[in-house]
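# got a sequence here, can you model it:
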Amino acid sequence: MTDWFPIVFFTFKIVALGIGMFFAIKWHYDQGEKNEDRKKEKRAVLRASGMVAAGFVLLLLGLGFITYVFATKLGLDLRLP
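Below you'll find the predicted structure:
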């Protein structure tokens, strides 16, 4: 009785995922066709991602500095071996 279950299950799974992937790709392609200001949008996305990356680096440097200050105030040995 259960010998046929994996065959039916995996067949259904492959068909369902294939249909889902087809419609996802089609939707993204249609969205790209609809947008005419592609160059402006790309520039805005690049600018925003650059600002996020710069903010991340600044936060990382700030965290490192604050950690250094607290470590020295607590008297931890920060010398390299």
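# do you know how far the residue nearest to the spatial centre of the chain is from Ile25?
Per Cα atoms, centre = their mean, the C-alpha nearest to the average position across the chain is that of Ser49, at 11.7 Å. Distance, Ser49 to Ile25, using Cβ to Cβ, to the nearest Å: 24 Å. (Each C-beta comes from the backbone N, C-alpha and C, glycine too.)
# just the helices in this structure please.
Applying DSSP state H to the chain gives helices spanning 5-34, 38-73.
# burial check on the residue lying closest to Thr72 once chain neighbours are set aside, number of neighbours?
The shortest distance from Thr72 to any residue other than its chain neighbours is 6.8 Å, reached at Leu78 (Cβ to Cβ, 6 or more residues apart in numbering). Leu78 has 8 neighbours, counted by other Cβ atoms under 10 Å.
# Phe70 now?
10.
# please apply the same query to Leu17.
10.
# the one 5 residues further on too?
Counted with other Cβ under 10 Å, the burial measure for Phe22 works out to 10 neighbours.
# rank the helices and strands of the protein by mean pLDDT and give me the bottom one.
Least confident helix or strand of the chain, by mean pLDDT, DSSP states H and E, is helix 5-34 with a mean of 88.
# by how many degrees do that one and helix 38-73 diverge?
Per axes from the mean of the first three to the mean of the last three Cα atoms, to 10 degrees, the angle that helix 5-34 makes with helix 38-73 is 110 degrees.
# I'd assumed Phe65 was in contact with Ile71.
I think there's a mix-up here, since residue 71 is Ala and not Ile. No - using Cβ atoms under 8 Å, Ala71 makes no contact with Phe65, being 10.7 Å away.
# what touches both of the two?
Residues touching both Ala71 and Phe65 (Cβ atoms under 8 Å, 6 or more residues apart in numbering): none.
# okay, now the domains of the chain?
The chain breaks down by automatic domain parsing into domains covering 1-34, 38-81.
# mean confidence score for the longest one?
This points to domain 38-81. Average pLDDT, domain 38-81: 90.
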